[in-house]
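Peer 1: how would this look folded up:
(2 chains)
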Amino acid sequence: MTSRIAWIAFNTFREAVRERVLYNLVFFALLMVGSALLFGGISIGVERLFLINLGLTSISLFGVLIAIFLGIGLVFKEMEKRTLYTMLSRPVRRWEFILGKFFGLAGTLVVNTFFMTVGFYAALFYLERSFTPADAQLLVALYFIVLQLLMVTALALLFSTFSSPVLSAVFAFALFIAGSFAEDLRAFAAMSEVASTRWMAVAAAYLVPNFSALNVISSVAHGQPVAGALILGNTLYALFYAGAALFAAILIFEHRNLK
Amino acid sequence: MSERKRTTVVFSALLVLSLAGSAVMLGRVDALRTGATLEEVLYVTSPRTVKRMSLGYHGLMADIYWTRAVQYFGRKHQVRARRYDLLLPLLDITTTLDPQLIPAYEFGSIFLAQQPPEGAGLPDAAVAFVERGIRENPTEWRLYYHLGFIHFVERKDYRAAAAAFQRGSEVPNAHPWMRVLAAAMAQFGGDTRTARFLWQRIYESTQDKLIRSNAVKRLRALEVDEVVPQLEAVVQLYQQRTGHLPASFMEMLSAGYLRALPVDPLGYPYKLMPDGRVEVQSPDDLPFITKGLPPGEQPTFVYTPPQPKDKL
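Peer 2: From the prediction side, this is the model:
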């Protein structure tokens, strides 16, 4: 079972790294990081802040774009090329296929993020000519970005199991934006006086991914430490949420008529 | 030449021509549109709306708005504008997006406080802005320093300035000269020595060219404001002793009233006027001076000598 998932994951990774869109997006992310050095120069007193904010935001946003663009086609492409049927005719279970696809894309994203991180730290070193202990704090924000990407990948995969790539992209983008407003949804629920509206808002707030808790870019840019409890809490939250999206994808795919 | 090569050459030339044409036309279009139309617009005025639109990446958005504020100020400052209408809203959005963005409070308050055309001429708004920064960042002693600085230089409120420096000196890790400033302010109020000390600290505490250049201009103005009355006093003394005004500084030098020909901080000799007044050669190059100006020329910054009520 594990070897089958690993085999699918490896092939997904191999296929993903052949995608031209991946390199374009990574290139643009690195371009943004590099351009932060110029932007900082036309401002006052925020060169380092600008580099960190623009660098980490680029890694996050381009990572989300990669996760969505690659994730939405994971199942659809296999169906379109009829390779899915060949695969499922072998002793490969549908849930193994979904998990393999997820781990393959997650691996691709981790590797991408690693390369973008190297580019980001190179730009930081160029600016400061040395590293400080505060720079290590930035790794926490990068770790949270990886967690965010795992959640987006799981969601893109979920939509990919029952929808066309275009619609999956729309759904995934919509959820990404809604996830950025998750705390507003909670505030709306708290303000609502009608019980049914309040419950619906609370349900929506828990259903959409809460990306605001995972965004600590601004804090680490100011050198504020991130509490260990928050790191643990966010890790568990992201794993549970991505798990839920993956299990939903498995359930849908398991019952989908592929004929 | 093959068909393919010919096509490549023709379309490469057309590409270059089109790009050059579009660049030229853009320049023309920019010239047709007024500067006000281009810059006096703040599409989203609500800081909260901007924060929501930033999708959680409000740190980056704050940096962008701060850069916009700096660029806006720089453009206006360059043309010696009298109004800086967008400065306060831009600073408000910046610090709502990132309340910990200390440079925005430090430099933004200077931009706000200075009299036009050097700044927006809103010292009270600048004080409120820095006070807000202090509420958000109570351990940043530099903000107390800027608060005291605005009270001292722009508002002439020496009591408030002394209180701000005192509050700042009580913040852990505050620079020791904060206590010195608090004491000096309480004792000397509007003394130029205190002003020089303050501008010197501003000059030393930043690497930014715009801020350093402003501090240099202020220090030069302090020197002129100090030297001109001294020279005029020596001219008066010469008149009392000889019964006539000197025709030039050279005459005073020859008579032993001066040790050298006096020059302003830019290196130009001071002008001795027929009525005994002393003027600088180029007042436009010495903003902020209040002495040594030709008759009728208004100083950009009015220095009010300390009144007894202002002293503690």
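Peer 1: Output the longest helix belonging to the chain.
Peer 2: No chain specified, so I'll use chain A. helix A:94-128 (DSSP state H).
Peer 1: wrong one, chain B
Peer 2: Longest helix in chain B, counting by DSSP H: helix B:209-242.
Peer 1: helices or strands up against that helix?
Peer 2: Applying 3 or more Cβ pairs under 8 Å, 6 or more residues apart in numbering or on different chains; DSSP states H and E, one finds that helix B:209-242 makes contact with helix B:102-113, helix B:192-205, helix B:249-254, strand B:278-279. In short, each C-beta sits where N, CA and C put it, glycine included.
Peer 1: and chain A, which of the ones you listed is closest to it?
Peer 2: Comparison of the helices and strands packed on helix B:209-242 against chain A by Cβ to the nearest Cβ identifies helix B:102-113 as nearest, at 2.9 Å.
Peer 1: what comes into contact with that closest one?
Peer 2: Contact with helix B:102-113 is made by A:44-46, B:62, B:66, B:69-70, B:73, B:84, B:87-88, B:91, B:94-95, B:98, B:119-123, B:125-127, B:129-130, B:132-133, B:137, B:140, B:142-143, B:146-147, B:150, B:153-154, B:208, B:211, B:214, as judged by Cβ atoms under 8 Å, 6 or more residues apart in numbering or on different chains.
Peer 1: and chain B, which of its residues are near chain A?
Peer 2: Residues of chain B found near chain A (Cβ under 8 Å from any Cβ of the partner chain) are B:52, B:55-60, B:62-63, B:66-67, B:70-71, B:98, B:100-103, B:106-107, B:206, B:208, B:210-211.
Peer 1: go again using 10 Å as the cut-off
Peer 2: With Cβ under 10 Å from any Cβ of the partner chain as the criterion, chain B meets chain A at residues B:52-64, B:66-71, B:73-74, B:97-104, B:106-108, B:111, B:137, B:206-211.
Peer 1: Buried ones among those?
Peer 2: Buried members of those, counted by 16 or more other Cβ atoms under 10 Å in any protein chain shown: B:54-64, B:66-70, B:73, B:97-104, B:106-108, B:111, B:137, B:206, B:208, B:210-211.
Peer 1: Now for residue 244: which residues touch it?
Peer 2: No chain specified, so I'll use chain A. A:151, A:154-155, A:158, A:207, A:209 (Cβ atoms under 10 Å, 6 or more residues apart in numbering or on different chains).
Peer 1: meant chain B, my bad for not saying
Peer 2: Contacts of B:His244 (Cβ under 10 Å, 6+ apart): B:238, B:251.
Peer 1: measure the nearest residue to A:Leu105 once chain neighbours are set aside to chain B for me?
Peer 2: Nearest non-adjacent residue to A:Leu105, counting by Cβ to Cβ, 6 or more residues apart in numbering or on different chains: A:Thr153, 5.2 Å away. Using Cβ to the nearest Cβ, to the nearest Å, we find A:Thr153 at a distance of 19 Å from chain B.
Peer 1: about what we covered before: wait, which of the contacts of A:Ala244 is closest to chain B?
Peer 2: A:Pro209 (11.7 Å).
Peer 1: The closest one in helix, strand or coil?
Peer 2: At A:Pro209 the chain is in coil, as set by DSSP: H, G, I helix; E, B strand; the rest coil.
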